[in-house]
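**Q** curious how this folds, go ahead:
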Amino acid sequence: MNIRLTTTLCSLAAPFLILPVHATPQPSTLRNERLQISIDDEGRLVSLKNLETGRDYAGRDYLWRLYYDTPKAKEIEVLAAGQQPRISQNGETITLLYEELKATDFSIRKEVTLDISLRFDITLEGDQIRFASKIENNEPHTIVRELHYPLVGNMPLPEDHKLLLTHTGGQLYDDPKGIILRNSNTSPYKTPAQKFRQMDAKYPTRTVTGGTGGCMASNCFAYVGEREGLYFGSHDLQFQDTGHGLRLYPDGEGGFSRLESGFYKYPQCLSGESWSCSANVIAPYTGTWHQTSKLYRRWADTWWDHREAPLWVQKMRSWQRVIFRHQYGELLFRYTDLPGRIKRVGESVGADAAFTFGWWETGMDHGNPHYNADPAQGGDEGWKQAIAEFKKDGGKVLLYFNGKLIDRESEFYKSGAGREICYRDNTGAEFTEQYRFTGQGTFLGDYNARTFVIADTRSEIWRRMLLEWADRAREYGANSVFYDQLGYGERATNWDLSREFPIPNLRVIADKAEVLKMIRDHNIRFDPEFALGTEWLTDVTAQYCDYIHIYQVTAGRYSFIDWFRYTFPEIIISDREIRDDTDIERRVNNTLLKGLRNDIEIYRCRDLIDKTPHYQSYLAQANEIKRRYEHLLLMGRYRDVEGFTLSAQGIEARAYTHGDGMAIVATRTEAGDPVSGGIEVPGYRFVESSTLGEARVSRNGDRITLRQYDLAVLIYQKEGRP
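**A** This next block holds a predicted model:
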């Protein structure tokens with residue numbers, strides 16, 4: 001019996017002994033002197049390597065996933081695992097072709113084969129890798145809503161790498177996984193948190209990221225170390241909504257520690273249609289975070305169309321933002337206050353610009369789009385006179401209009417025109433917003449807020465109105481027209497209901513940019529010195545504006561507006577949310593350090609800075625320094641930390657250059673004993689300095705000493721120049 005068993009086992013084993021051994025398929029690889037990328041035969045990313053440092057960011061995970069709808073179900077997931085691509089390589093391009101897709105349709109709980117094909121082209125382009133995609137949908141009664149590609153899954157992230165997002169011009173998070181986990185799955189409600197944790201981040205859509213509201217100002221993000229990092233850029237000339245994928249998946253022990261990053265696009269590809277995108281790039285880079293700015297700006301220069309702001313805007317140190325009448329009817333300021341108390345208080349802090357909200361008869365966020373001067377205060381003539389008197393001795397007036405809100409109580413809405421041009425959702429219902437300013441009670445804010453619909457900026461009716469408001473602002477004598485809320489994309493948009501599936505407009509920011517360009521060009525034809533501004537910072541809209549009223553904070557825990565200031569130094573940006581008399585030195589110093597303009601909004605624009613005497617006194621000192629060195633601090637080019645070295649821990653410093661001069665602004669926020677550090681500025685000689693607090697600068701400008709909240713500005717001249 002034992003003999004027969006042995007014989008049988010031997011006979012079964014024999015074929016395996018004589019068959020040839022098949023080698024494991026080698027991955028498809030692209031490589032140059034800087035980068036390497038490899039894809040295995042299953043379509044997984046097995047190498048994403050910086051050859052200069054040896055760092056590999058690949059985690060042997062799949063590159064994509066897809067979501068489609070049917071008439072019965074939404075967001076049916078198609079995963080790359082289980083699909084078999086045909087992989088080919090031609091020169092500097094690897095191609096993955098999926099001729100059909102398999103998915104589990106959860107509405108019927110069955111596996112289905114879809115007549116949807118995918119093609120992914122991965123191309124090595126110098127210092128970056130381009131990930132192109134194409135969808136062909138031939139599956140009846142479906143729509144491909146979403147494509148996540150490229151994805152870098154199970155990333156082996158080095159300990160020193162921080163997460164850099166462009167939200168509000170820049171946010172820097174020391175613990176990427178920790179910030180994602182703490183702020184994950186917060187919106188929309190009831191997410192599949194057992195499967196993954198995701199922190200919302202989207203270009204250019206308003207959202208809450210890392211606990212703070214804002215939108216991505218540019219279509220990129222990165223993981224940045226001290227000497228290297230990984231850049232993700234969606235260099236998308238369509239300026240379509242793009243998700244910045246930040247997810248954590250569970251590890252073998254059930255903890256959410258497997259990091260995945262990439263881009264989410266929204267094809268809206270119906271049956272019988274195709275969709276393609278070649279915008280997405282990834283770049284393992286060597287150097288500081290400044291390399292991510294250079295990569296993005298190199299692409300942005302292919303479409304950038306920014307004029308130099310009028311000289312008076314460049315020299316503008318601060319503005320006073322005031323609401324004349326509030327939405328619930330309270331008259332906070334009269335027209336006569338503009339050349340009176342408002343002007344006097346502004347002069348006390350060196351702020352010669354007034355940013356006028358709620359100046360019309362019905363008041364702030366009420367009656368839009370009817371902006372009629374208050375007849376009880378002299379109407380148009382009364383308002384013109386107030387502006388003219390304020391402008392004596394160089395005062396500037398920035399005149400507010402809302403670029404998108406239509407009050408449902410307005411005649412424009414009731415007449416039908418407002419209803420015709422407003423956003424409608426995926427059912428055809430009007431999309432609404434509310435702004436809950438309150439009086440001194442509680443009923444107004446809780447129950448009785450005003451309700452608005454949102455104008456579609458593609459409407460010719462709305463565009464004509466925007467141009468008319470610019471003309472009216474000039475006729476009033478204002479120096480600038482300002483359109484609120486045109487610098488971001490709403491979370492909800494206008495939907496087309498004429499197809500088999502409802503389809504949203506995912507290029508809202510491109511539409512708003514087109515409108516702002518139209519207004520800018522219109523204004524320039526009449527008066528090149530007449531300025532244009534908007535609220536929220538997004539690059540494609542900012543390029544057409546002379547200044548940006550930021551949303552939200554610029555001196556918060558994670559604020560890193562350094563990124564946008566370095567990438568787009570020509571854009572003039574305000575700070576925000578210094579509304580009372582607390583934490584003044586730190587925030588005002590930050591504004592001066594980063595080259596921002598002060599947005600003075602005391603008690604949410606209901607009072608003036610003379611009611612916050614510490615802020616008033618300190619800002620007056622800071623603005624005097626700005627005035628003294630305006631050719632550098634206001635008109636100069638922001639250089640971040642380039643052009644000098646500073647040997648001191650805990651001191652922040654930034655450089656500005658203009659002509660033959662350089663200014664270095666240095667401050668300190670850390671508590672403790674005074675800190676001293678040496679400064680070297682190759683090719684420049686020290687000229688002079690100005691300080692706040694008890695800051696000390698050595699006689700030859702090669703050393704500074706700062707306590708907490710001290711500030712010093714050092715001025716240098718190129719050697720050999722008078």
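**Q** do you know the pLDDT at the spatially closest residue to Glu630 that is not a sequence neighbour?
**A** Counting by C-beta to C-beta, 6 or more residues apart in numbering, Glu630 lies nearest to Lys315, which is 5.4 Å off, once chain neighbours are set aside. The C-beta positions use only the backbone N, C-alpha and C, and glycine is treated the same way. For Lys315, the pLDDT comes out at 98.
**Q** how far away is Lys315 from Arg597?
**A** As for Lys315, its distance to Arg597 is 10 Å (criterion: C-beta to C-beta, to the nearest Å).
**Q** comparing the two, which residue is more hemmed in?
**A** When Lys315 is set against Arg597 and neighbours are counted by other C-beta atoms under 10 Å, the residue ahead is Arg597, at 23 against 17.
**Q** run a quick neighbour tally on the closest residue to the more buried one other than its chain neighbours.
**A** If you skip the residues right next to it in sequence, Arg597 has Ser574 as its closest partner in space, 4.7 Å away by C-beta to C-beta, 6+ apart. When neighbours are defined as other C-beta under 10 Å, Ser574 has 25 of them.
**Q** wait, doesn't Ser574 sit right on Leu596?
**A** Yes. If you go by C-beta atoms under 8 Å, Ser574 and Leu596 touch, sitting 6.0 Å apart.
**Q** overlap of the contact sets of those two?
**A** When C-beta atoms under 8 Å, 6 or more residues apart in numbering defines a contact, the residues bordering Ser574 and Leu596 alike are Ile550.
**Q** how deep is the nearest residue to Pro156 once chain neighbours are set aside tucked in, by neighbour count?
**A** Of all residues beyond its chain neighbours, the one nearest Pro156 is Gly59 (6.1 Å), with distances taken as C-beta to C-beta, 6+ apart. Close neighbours of Gly59, defined as other C-beta under 10 Å, add up to 19.
**Q** which SS class is Gly59?
**A** Here Gly59 is recorded as coil under DSSP: H, G, I helix; E, B strand; the rest coil.
**Q** pretty sure it contacts Asn154?
**A** Yes. Because the distance of 2.9 Å satisfies C-beta under 8 Å, Gly59 is recorded as touching Asn154.
**Q** quickly list what's touching both of the two.
**A** With C-beta under 8 Å, 6+ apart as the test, Gly59 and Asn154 both reach Arg258.
**Q** give the buried residues for the one helix or strand Ile715 maps to.
**A** With elements delineated by DSSP states H and E, Ile715 resides in strand 711-718, which encompasses its position. Applying a neighbour-count criterion of 16 or more other C-beta atoms under 10 Å, one finds 711-717 buried in strand 711-718.
**Q** so which of those residues is the closest to Glu642?
**A** Tyr716 (13.6 Å; C-beta to C-beta).
**Q** show me what the closest one bridges to in the sheet.
**A** Met662, Phe686 (DSSP bridges).
**Q** hang on, the earlier thing: and the residue nearest to Pro156, backbone torsions?
**A** With angles defined as degrees, to the nearest 10, Gly59 sits at phi -120, psi 20.
**Q** find me the pLDDT at it, would you?
**A** pLDDT recorded at Gly59 is 97.
**Q** and if you look at the one 10 residues further on?
**A** In the prediction, the pLDDT value recorded for Asp69 is 98.
**Q** in contact with it, which residues?
**A** 75-76, 142-143, 145, 501.
**Q** in helices only, show me these.
**A** Cross-referencing the contacts of Asp69 against helices under DSSP state H gives no overlap.
**Q** among those, who's most crowded?
**A** Note: the member of the contacts of Asp69 with the most neighbours is Ile143, at 23 neighbours, neighbours being other C-beta under 10 Å.
**Q** that residue contacts Glu500, correct?
**A** Yes. Taking C-beta under 8 Å as the contact criterion, Ile143 and Glu500 are neighbours in contact, 7.4 Å apart.
**Q** pull out the buried residues from the longest strand along the chain.
**A** In the chain, ranked by residue count with DSSP state E as the criterion, the top strand is strand 273-286. Neighbour-count burial for strand 273-286 flags 275, 277, 279-286 (criterion: 16+ other C-beta under 10 Å).
**Q** could you do stretch 394-410 as well?
**A** For stretch 394-410, the neighbour count (16+ other C-beta under 10 Å) marks 395-408, 410 as buried.
**Q** tell me the domain ranges of the protein?
**A** The domain map for the chain lists 29-300, 314-404+458-628, 637-718, with the assignment taken from automatic domain parsing.
**Q** go through those and pick out the most buried.
**A** Compared across the domains of the chain, domain 314-404+458-628 shows the largest average neighbour count, a mean of 20 (mean count of other C-beta atoms under 10 Å).
**Q** show the end-to-end separation of it, please.
**A** This stretch, domain 314-404+458-628, spans 14 Å end to end (C-alpha to C-alpha, to the nearest Å).
**Q** Arg341 in helix, strand or coil?
**A** Criterion first, three-state DSSP; result for Arg341: helix.
**Q** wait, what's in contact with it?
**A** Going by C-beta under 8 Å, 6+ apart, Arg341 touches 333, 608.
**Q** now swap in the one 5 residues further on and tell me
**A** Listed by C-beta under 8 Å, 6+ apart, the contact set of Gly346 reads 320, 352-354, 395.
**Q** nearest to Asp41, of those?
**A** Closest approach to Asp41 among the contacts of Gly346 (C-beta to C-beta): Ala353, at 63.2 Å.
**Q** spit out the contact partners of that closest one.
**A** Each residue near Ala353 by C-beta under 8 Å, 6+ apart is listed here: 316, 318-320, 346, 395-398, 479.
**Q** what about those, which are in strands?
**A** Residues of the contacts of Ala353 located in strands (DSSP E): 318-320, 396-398.
**Q** pipe the residues you listed into TSV and attach distance to Thr166 and pLDDT per row.
**A** Conversion of these to TSV gives the following (distance: C-beta to C-beta, whole Å; pLDDT from 0 to 100):
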residue	distance to Thr166	pLDDT
Ser318	25	98
Trp319	25	98
Gln320	29	98
Lys396	30	98
Val397	32	98
Leu398	26	98
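**Q** got TSV for these, with distance to Arg206 too?
**A** Below are these laid out as TSV (distance: C-beta to C-beta, whole Å):
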residue	distance to Arg206
Ser318	26
Trp319	23
Gln320	26
Lys396	29
Val397	28
Leu398	23
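**Q** if we can go back for a sec, isn't the residue nearest to Glu630 right up against Leu632?
**A** No. Using C-beta under 8 Å, Lys315 and Leu632 do not qualify as a contacting pair, with a distance of 11.8 Å.
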